[in-house]
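Engineer: Dropping the sequence and predicted coords here.
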Amino acid sequence: MTFADLRQRLDLYEKLMRLDKPIGTLLLLWPTFWALWIASEGQPQALLAWIFALGTLLMRSAGCVINDYADRDFDPHVERTRERPLAARRVSTREALTLAAVLIVCAFLLILPILRDVWWLALIAVFLAASYPFTKRFFALPQAYLGVAFGFGIPMAFAAATGEVGLLGWTLLVANIFWALAYDTEYAMVDREDDLKIGIRTAAITFGRFDVVAVMLCYAATLAILAVVGWQLGYGAGYFIGLAAAAAVAGYHYTLIRDRGREGCFAAFRHNKWFGAAIFAGIVAELNLQPWLVQ
C-alpha cells in the first residue's frame, strides 16, 4: 500500500467516524460536563475532565461507525447519507467493525483508572450506543433511546466524581432525554420524506404535523427539569441566566423549523451546540465565577 493509498483510507475512516462533523461530540460532551461540574461542585479533577472529553470523542466516533454499519442498506436511498463511506461501498463491513472495536477498546482503557462502578456503567453505555441504530426499525421514538445513549455520560460522571449516581444524576439524564428528543427530531425532519419511503421510524414521523410543537415542548421540559434541579441545589443568578440563554437559543430554533424546510431544520440541529454550551456556562458561572465575584 502506497502512502497515497494509506492517506485515502484514513480519510475514509475520518468520514466514517464523523471527525469532520464535531456537532455530535459536543452533544455528548455538554451533558457529561454538566454532570461532572455539578457532581464535583465546580471543582472536577483535571484527569477526570480529560478522560470524559476524550472518551466522549471515542464513543461518539464508535457510535457513528456502528450506525453506518446498521444503516448501510438504507443510507444509499437517503439524499443526505448516500455518499457515506459504507453506503457508497468504499469501506468494507469488516473494516468498519474492526474500527468500531478499536475505538471502544480505547475508550474502555481510558476509564481503567476510575472507580470500578464506572466500568459497569461504561458497559451499559457501549450496549446503548451499539443498539440505538437498530431501534429505528421498530421503536416509534428512537430519539428517546438516543437521549439515554447520548446522556449516559451523566451517571458515569456522577459515579466517577462522587462514587454514586443518586437521584440528581438520573434526573439530569431525564432532562437530556428531552433535549435529545428536541434536537434529533429536528435532525429527523430533514430526512422525513426519505425515511417514509424506506420504512424507518423516527420521532418526526411519529409526531407528524405536531412535530414543531413537540420539539418546543421537549425544549421546555428540558429547561423546566434543569430549573427544578437548580432550585433544589440552591443555585442563583449565574445558573438561571444560563438557562435563560438556552431558552433564547430554543426560541431561535423555532424560527428555523417552523416552516419545516430541510436547511432550517438541519441548521437548528447543528445550532444545539449553543443550547448545551449556554447551560454549561451557567453552571460554571454559578459554581466557579459567582463565588469569586462575591469576594
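Structural biologist: Thanks, I have the structure now.

Engineer: If I look at T2, what pLDDT would I see?
Structural biologist: For T2, the pLDDT comes out at 71.

Engineer: any idea how far A204 is from it?
Structural biologist: Using C-beta to C-beta, to the nearest Å, one gets 44 Å for the distance from T2 to A204. C-beta: built from backbone N, CA, C; applies to glycine.

Engineer: go on, T255?
Structural biologist: 18 Å.

Engineer: re the thing from before, so T2 and A204 - more neighbours on which side?
Structural biologist: Higher neighbour count among T2 and A204: A204, with 24 against 7, using other C-beta atoms under 10 Å.

Engineer: Assess the claim that that one and L181 are in contact.
Structural biologist: No - look at A204 against L181 with C-beta atoms under 8 Å: they stay out of range, at 10.6 Å.

Engineer: The stretch 51-200 of the chain: strands as residue ranges?
Structural biologist: Ranges of strands in the stretch 51-200 of the chain, per DSSP state E, counting those that start in this stretch: none exist.

Engineer: What lies in contact with the stretch of helix or strand F269 belongs to?
Structural biologist: Element membership of F269, judged by DSSP states H and E, is helix 262-284. With contact meaning C-beta atoms under 8 Å, 6 or more residues apart in numbering, helix 262-284 is reached by 23, 26-27, 29-31, 33-34, 37-38, 42, 179, 182-184, 186-187, 189-190, 219, 226, 238-243, 245-246, 248-250, 252-253, 256-257.

Engineer: Just the ones in helices from these, please.
Structural biologist: Assigned to helices by DSSP state H, the following of these qualify: 23, 26-27, 29-31, 33-34, 37-38, 179, 182-184, 186-187, 189-190, 219, 226, 238-243, 245-246, 248-250, 252-253, 256-257.

Engineer: just the buried members of the residues you listed?
Structural biologist: When those are checked for burial by 16 or more other C-beta atoms under 10 Å, the buried set is 26-27, 29-31, 33-34, 37-38, 179, 182-184, 186-187, 189-190, 219, 226, 238-240, 242-243, 245-246, 249-250, 253, 256-257.

Engineer: coming back round to it: what distance separates the helix holding F269 from the centre of its chain?
Structural biologist: 11 Å (C-alpha atoms, centre = their mean, to the nearest Å).

Engineer: which of the residues in it are buried?
Structural biologist: Those would be 264-284, for helix 262-284 by 16+ other C-beta under 10 Å.

Engineer: angle of that helix against helix 23-39?
Structural biologist: Orientation check (axes from the mean of the first three to the mean of the last three C-alpha atoms, to 10 degrees): helix 262-284 against helix 23-39 gives 20 degrees.

Engineer: how big is the angle separating helix 262-284 from helix 237-257?
Structural biologist: Put simply, helix 262-284 runs at 180 degrees to helix 237-257, going by the same axes, to 10 degrees.

Engineer: Stretch 63-74: which residues count as buried?
Structural biologist: G63, C64, V65, I66, N67, D68, Y69, A70, D71, R72, F74.
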